[in-house]
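In: got a sequence here, can you model it:
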Amino acid sequence: MLSKKSVVMVLAALVALGALGAGIGGYFFYWSHRPHIYISGSTASSDQADRHREWIMVATAEHRGVPTAARVEEELTRLADWNDRIITELYDYTAPYDIRVSGENNGGHIVLRYEGYVTTNSGEKLDYSQEEAFDLYVRDEDFRV
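Out: Numbering: from 1, shown residues only. As a prediction, this is how the structure comes out:
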């Protein structure tokens, strides 16, 4: 039979291990849902005044090797697909064009947009506007759109 002191020591060790496990689990859960996401706007250079086009650029990195949660990966894929579709679509238009990017970062929810005007190959000038919301956490200092 174990002494009372031995039982207390075993229980204390189990509580300490449980707390350590919960802390490690919490750390992994937190960082798997908040990988480092960097979003910025970039301008396509042109020496002609009637051709201004901006792009949204996204870069991501895991936090110290913590794998990104599947839900976050799915949302990043949705963002990349949306952005790629717009960039590809904009190549269908001719000058003059003026496309600007903007967005809002609301702590776990971002809104990105492309706005301006484009010209069809037949010369018709069209207003252009694409906007999409994404459930992603981006630190304010990493959001430059």
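
In: list the contacts for residue 109?
Out: 133, 134, 135, 136 (Cβ atoms under 8 Å, 6 or more residues apart in numbering). For the C-beta atoms, the positions are set from N, CA and C on the backbone; glycine is no exception.

In: any idea which helix is longest in the protein?
Out: The longest helix of the chain (DSSP state H) is helix 4-33.

In: can you pull out the residues in contact with the helix or strand just after that one?
Out: Sequence order places strand 36-44 as the next helix or strand after helix 4-33, per DSSP states H and E. Here strand 36-44 makes contact (Cβ under 8 Å, 6+ apart) with 52-63, 76, 101-103, 110, 112, 136-139, 142-145.

In: please report how far the closest residue to residue 51 other than its chain neighbours lies from residue 77.
Out: Once flanking residues are discounted, residue 51 sits nearest to residue 95: 4.9 Å by Cβ to Cβ, 6 or more residues apart in numbering. Distance of residue 95 to residue 77, computed by Cβ to Cβ, to the nearest Å: 32 Å.

In: who's more crowded, these two?
Out: Ranked by neighbour count (other Cβ atoms under 10 Å), residue 95 and residue 77 place residue 95 first, with 14 against 10.

In: a helix runs through that one, doesn't it?
Out: No. Assigned with DSSP: H, G, I helix; E, B strand; the rest coil, residue 95 falls outside any helix and is strand.

In: helices or strands next to the helix or strand bottoming out on mean pLDDT in the chain in the packing?
Out: None of the helices or strands of the chain scores lower by mean pLDDT, DSSP states H and E than helix 4-33, at a mean of 89. If contacts are counted by 3 or more Cβ pairs under 8 Å, 6 or more residues apart in numbering; DSSP states H and E, helix 4-33 sits against helix 70-90.

In: the helix it packs on - what's its average pLDDT?
Out: Mean per-residue pLDDT for helix 70-90: 98.

In: any idea of the pLDDT on the residue nearest to residue 110 when sequence neighbours are not counted?
Out: Nearest non-adjacent residue to residue 110, counting by Cβ to Cβ, 6+ apart: residue 134, 5.2 Å away. Confidence at residue 134, expressed as pLDDT, is 98.
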